[in-house]
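# starting from these lines, generate the structure:
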Amino acid sequence: MPAPATKGLHHVKLPVSDLDASLAWYARVLGAQHQAQFDHFDERGQRWAPHAATAMDGYDPISFAAGRGDDVQSWAAHLDEEGIAHSPVSQGAAGALLVFADPDGTFLRLLELPAGGVEDIKMPAGPAEPEGPWIAPPKMSHPG
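Modelled structure (predicted):
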C-alpha cells in the first residue's frame with residue numbers, strides 16, 4: 001500500500017542556545033515570524049535546547065529554494081548588508097548554491113530553483129557540490 005500524501009511542511013524546529021537572539025536573527029535575516037502558538041513549555045519555562053544547538057554546529061538541515069541564479073546573488077548581497085558571513089555563490093550540480101550559518105553555527109543553504117521546480121533537478125554522477133568549508137565541513141565528512 002502506498003504511503004498517504006503529506007500536505008506540505010508544517011513548521012521547522014531548530015535547537016538554539018539563546019532563544020531571544022535566535023528569534024531576532026531569523027526575523028532580521030530571513031524575515032521569519034515567530035508563531036507563539038507553537039511555543040513549547042516545560043516545568044522550567046519555554047523549552048529550548050542549547051546542548052542540541054552545539055551538536056548542530058556545522059550541520060545543514062535546511063535548504064531553501066531561492067529562485068533563479070540572480071536571486072541567489074541577491075541573497076548574497078542581503079547577507080553582506082546584514083553582516084552575515086557566507087560562502088561564495090558557487091555552482092553545484094543542481095544550480096547556484098549559497099551557504100551561511102545561524103548564530104549557533106547551524107548551516108542554512110539557499111539553492112537555485114529550476115524553472116520546472118525541484119522535479120527538474122538532474123543530479124550528475126560524481127561530486128554534487130564543490131569542496132570547501134561551507135559546503136563540506138570536516139564534521140560532515142563520510143566516516144572512513
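# how many neighbours does residue 82 have?
Per other CB atoms under 10 Å, the neighbour tally for residue 82 reads 13. The way it works is simple: take the backbone N, C-alpha and C, and place the C-beta from them, glycine included.
# who's in contact with the residue lying closest to it once chain neighbours are set aside?
Closest residue in space to residue 82, ignoring its immediate chain neighbours: residue 29 at 5.5 Å, by CB to CB, 6 or more residues apart in numbering. Contact analysis of residue 29 by CB atoms under 8 Å, 6 or more residues apart in numbering lists 78-79, 82, 84.
# ok, then the element right after the host helix or strand of residue 29?
Mapping residue 29 onto the secondary structure by DSSP states H and E places it in helix 19-30. Following helix 19-30 in sequence order, the next helix or strand is strand 41-42 (DSSP H and E).
# on that earlier part again, narrow the contacts of residue 29 to those in strands?
Members of the contacts of residue 29 lying in strands (criterion: DSSP state E): none.
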